[in-house]
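Student: okay, here's the prediction I keep looking at, along with the sequence it came from:
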Amino acid sequence: MPICLGVWLIGRPLGVGAVGECNGVWRVLIVEDDPQMREFFAGSVLRSPKLTLVSSVATVAEAKALLDQATPELDVLLTDLGLPDGSGLEVIRHARLRNPGCEALVISMFGDEDNVLASIEAGALGYIHKDAAPDDIANTILEMKAGASPISPMIARRVLNKYLSMQSHAVSALAVTAQAAIKNEVLDVERGLLSRREQEVLELISRGFSYSEIAESKSLSVHTIQTHIKSLYGKLEVHSKMEAVLEATRMGLLPAQSAASVPR
């Protein structure tokens, strides 16, 4: 919940009177190593009666220490990503860990989609490029606290392009997977094309056995074996032993070396 307390700047209290009597004020922490930018952000926050500046620091270590000590808890984290001792992502994650209710707004020179997505994954609710930073940072913070997710138009376009690219790759991968599944399904059908007995006869043919030898090994008549062979010839659409073995090998019904032992 927003509260009203004295303003803190660079870790030093300016006194309750600096803010005056107020209700519903959001507590803000600024993390920015550039002195001019830090002063610009702080000045914007200080001008808003709905915000109170708890502190303005320049490093990850300072920010983490302040987050650990902050009582009551902070409501807003305004941070850069490129800091002298690390990344603003560390600060965002630490803030979310210490106080899940603290909402983070990134204002950085890093405008690439990878940094934007990494910030969002870390917990940031907004991302503003410094070149497109609004004159009224305070208003941007208040919009975020009201439920908006402020993002610079240039960055929004890059993130959208990244998302569309990811979607395109996902669709392509899905198409490849679907094609593989269809191919496997066709192969499964082809492997199940012959009956068990026809498959046995085919395998014996591929090993060079004669009709009579196959009939004897299966305790069947030569006529029955010929019937099975006629049936499998029809299913494979072939007219000889060699063609049957070659086609069956192509379809994956027989190992590749089978055709070598078939009499021509």
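Tutor: Arrived safely. Residues are numbered from 1 along each chain as shown.
Student: the closest residue to residue 153 other than its chain neighbours: neighbour count?
Tutor: Leaving out its chain neighbours, the residue that sits closest to residue 153 by CB to CB, 6 or more residues apart in numbering is residue 132, at 7.3 Å. All C-beta spots, glycine's among them, are computed from the backbone N, C-alpha and C. By other CB atoms under 10 Å, 13 other residues sit near residue 132.
Student: ok, residue 132 to residue 253 distance?
Tutor: The spacing between residue 132 and residue 253, counted by CB to CB, to the nearest Å, is 65 Å.
Student: again, but for residue 157
Tutor: 54 Å.
Student: ok, the two, which is more surrounded?
Tutor: Legend: neighbour count by other CB under 10 Å for residue 157 and residue 253, higher for residue 253 (24 against 12).
Student: what about the more buried one, which SS state?
Tutor: Put simply, residue 253 is coil when judged by DSSP: H, G, I helix; E, B strand; the rest coil.
Student: that one touches residue 198, doesn't it?
Tutor: No. At 9.9 Å, residue 253 does not count as touching residue 198 under the criterion of CB atoms under 8 Å.
Student: backbone dihedrals for residue 87, please?
Tutor: Backbone torsions of residue 87, given as degrees, to the nearest 10, read phi -110, psi 150.
Student: number the residues from 131 up from this point.
Tutor: Noted, 131 is the first residue going forward, which turns the last one into residue 217.
Student: could you measure from it over to residue 252?
Tutor: Note on residue 217: its distance to residue 252, by CB to CB, is 9 Å.
Student: ok, the spatially closest residue to residue 239 that is not a sequence neighbour - how many residues close by?
Tutor: Leaving out its chain neighbours, the residue that sits closest to residue 239 by CB to CB, 6+ apart is residue 260, at 5.1 Å. By other CB under 10 Å, 15 other residues sit near residue 260.
Student: ok, now residue 252?
Tutor: If we define neighbours as other CB under 10 Å, then residue 252 has 20 of them.
Student: what of the one 5 residues further on?
Tutor: Neighbouring residues of residue 257 were enumerated by other CB under 10 Å; the total is 25.
Student: and residue 259, by the same measure?
Tutor: Residues contacting residue 259 under the criterion other CB under 10 Å number 19.
Student: quick check, residue 258 in a helix?
Tutor: No. Counting by three-state DSSP, one finds residue 258 to be strand, located in no helix.
Student: pretty sure it contacts residue 273?
Tutor: No. Using CB under 8 Å, residue 258 makes no contact with residue 273, being 11.1 Å away.
Student: overlap in contacts, those two.
Tutor: Listed contacts common to residue 258 and residue 273 are residue 280; contacts here mean CB atoms under 8 Å, 6 or more residues apart in numbering.
Student: settle it for me: which of the two has more neighbours?
Tutor: Set side by side, residue 258 and residue 273 show more neighbours around residue 258, with 20 against 16, by other CB under 10 Å.
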